[in-house]
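> Predicted model and sequence follow; I will ask about them next.
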Amino acid sequence: MNISRLSALSASLHASGLDALALNPGPSLAYLTGLRFHLSERPVLTFFTADRPPVIVLPELEMLKLVGLPYEIKAFPYPENPLEWDGYFKAAASFLSLEGRQIGVEPRAMRILEFGFIKKIAGETECPDASAVVSRLRVHKDAGEVAAMRKAVQVAQEALQATLPSIQAGVTEEAIAAELFVQLLRHGSQPELPFAPIVSGGSNGANPHAVPSGRKLQCGDLLVVDWGAAVDGMISDLTRTYAVCEAGPGLQKIHRIVQEANAAGRAAARPGEPCSAVDRAARGVIEKAGYGEYFTHRTGHGIGMEAHEEPYMRGDNEQPMEPGMAFTVEPGIYLPGRNGVRIEDNVVITEQGAECLSDMPRELKVLG
């Protein structure tokens, strides 16, 4: 698998006009090589060129990770003394004749630590944004990746179902988040979750990216739960909204609007249509109902190895949806100081249309 991905990267690099791509530890490096490293005070850099095997500069203590790889890789392992590290990066660059050449990087992932060594190699030459070089490969999920995502959705849904009985008035957001975290592990998620679960009740639910707090749930709250699991390196990202003790007419109304917007967004997902179509469909439902100003973010984002990656379901994104693209559909209504609603599902584009990987009930359920 990694050999075919490296071959595809070579073609992508040829098309980009870059002399090389430099990656530090992160999803793109894992995608291309299967290699995973913790980001630490010890820098790790892998250089990819179009016509030669990858070259990696790494600590000596990490060398065992290279044993048995199904592809060729040239290693420059350095010792513990930081004063000696420059020489190893220069040696790697010299091996590939990269001095003064255009070396692309991923700005969202590249640290200043590793970038400093790259700039010493590139000199006055620019280090262009090479995000598209890898993202155009990662954006199309293969059958194995989709299967892992499907399993990650299943794990996440089962974990939340196991958590729901503990949700009632008087319980804190933090306690619910902790229980959900434990249930995710028990039901088969990898320990490194795609993100910390968002559990936000009442007025906190009006903040799309709220952090669980010590606030106790109250009767009449809406409770937004945004969570996900990781399986075989692929993730899920879901949201459901519940009512605590009771659901008055006003809460039922905004929840119904968001539920309809979610359905409209999912229905608009099909190959050949622009990503903007998903956003327009979902947003149109909310705007027609008079709540457009309270839907404050895009309708969705790509998912795969990361919780946020290409493609982005924005109203201005005319990128065509293609088979293998996976993304969220997550419209919301956020009423400052009152309550919030979000309903999020995971969708994969197929040859004929789209498959929704998540099927947990979307109706407004009353808990506690």
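That came in fine, so what should we check first? Note that the structure is predicted; figures quoted are calculated from it, not measured. Numbers count the residues shown, from 1 in each chain.
> quick one: the helices in the stretch 251-368 of the chain?
Under the criterion DSSP state H, counting those that start in this stretch, helices of the stretch 251-368 of the chain are mapped to 276-288.
> how about Ser131, what does it touch?
Ser131 makes contact with Glu106, Pro107, Arg108 under the criterion CB atoms under 8 Å, 6 or more residues apart in numbering. Yep, even glycine has a C-beta here, placed from its N, CA and C like the rest.
> Whichever of these end up buried, select them in PyMOL.
Buried members of these can be picked out in PyMOL with the line below, counting by 16 or more other CB atoms under 10 Å:
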select buried, resi 106
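> quick one: which of the contacts of Ser131 is nearest Leu164?
Sorting the contacts of Ser131 by how near they are to Leu164, with CB to CB, puts Arg108 at the top with 34.9 Å.
> Look at that closest one and report its pLDDT.
Model confidence at Arg108, given as pLDDT, is 94.
> According to the record, where do the domains of the protein fall?
As assigned by automatic domain parsing, the chain contains the domains 2-138, 143-367.
> Just name the most buried of the ones you listed.
domain 143-367 (a mean of 19; mean count of other CB atoms under 10 Å).
> Can you give me the first-to-last residue distance of that one?
Taking CA to CA, to the nearest Å, domain 143-367 runs 37 Å from one end to the other.
> do stretch 194-203 as well
Between the opening and closing residues of stretch 194-203 we find a distance of 25 Å, counting by CA to CA.
> ok, now stretch 327-341?
Where stretch 327-341 begins and where it ends lie 19 Å apart, using CA to CA.
> Same question for stretch 123-138.
The separation between the terminal residues of stretch 123-138, taken as CA to CA, is 30 Å.
> Where do the strands of the stretch 251-368 of the chain begin and end?
Assignment of strands within the stretch 251-368 of the chain using DSSP state E, counting those that start in this stretch yields the ranges 300-302, 309-313, 326-329, 332-335, 339-342, 345-349, 354-356, 366-367.
> pLDDT averaged over stretch 315-324 - what is it?
Across stretch 315-324, the average pLDDT comes to 98.
> That stretch: how far from the chain's middle?
Distance of stretch 315-324 from its chain centroid, counting by CA atoms, centre = their mean, to the nearest Å, is 17 Å.
> quick one, what contacts the residue nearest to Ala289 when sequence neighbours are not counted?
Ranked by CB to CB, 6 or more residues apart in numbering and with sequence neighbours excluded, the top spatial neighbour of Ala289 is Ile257, at 4.6 Å. When contacts are counted by CB under 8 Å, 6+ apart, Ile257 touches Val285, Ile286, Ala289, Tyr291, Ile333.
> And the fourth one, what's its pLDDT?
Translated: Tyr291. pLDDT, the model's per-residue confidence, is 98 for Tyr291.
> all numbers from here: first residue = 636
Got it, the first residue is 636 from now on, which makes the last one we talked about Tyr926.
> Could you pull up the residues touching it?
Listed by CB under 8 Å, 6+ apart, the contact set of Tyr926 reads Ile889, Ile892, Ile968.
> One more: Ala899?
If you count contacts by CB under 8 Å, 6+ apart, Ala899 has them with Ala916, Ala917, Gly919, Val920.
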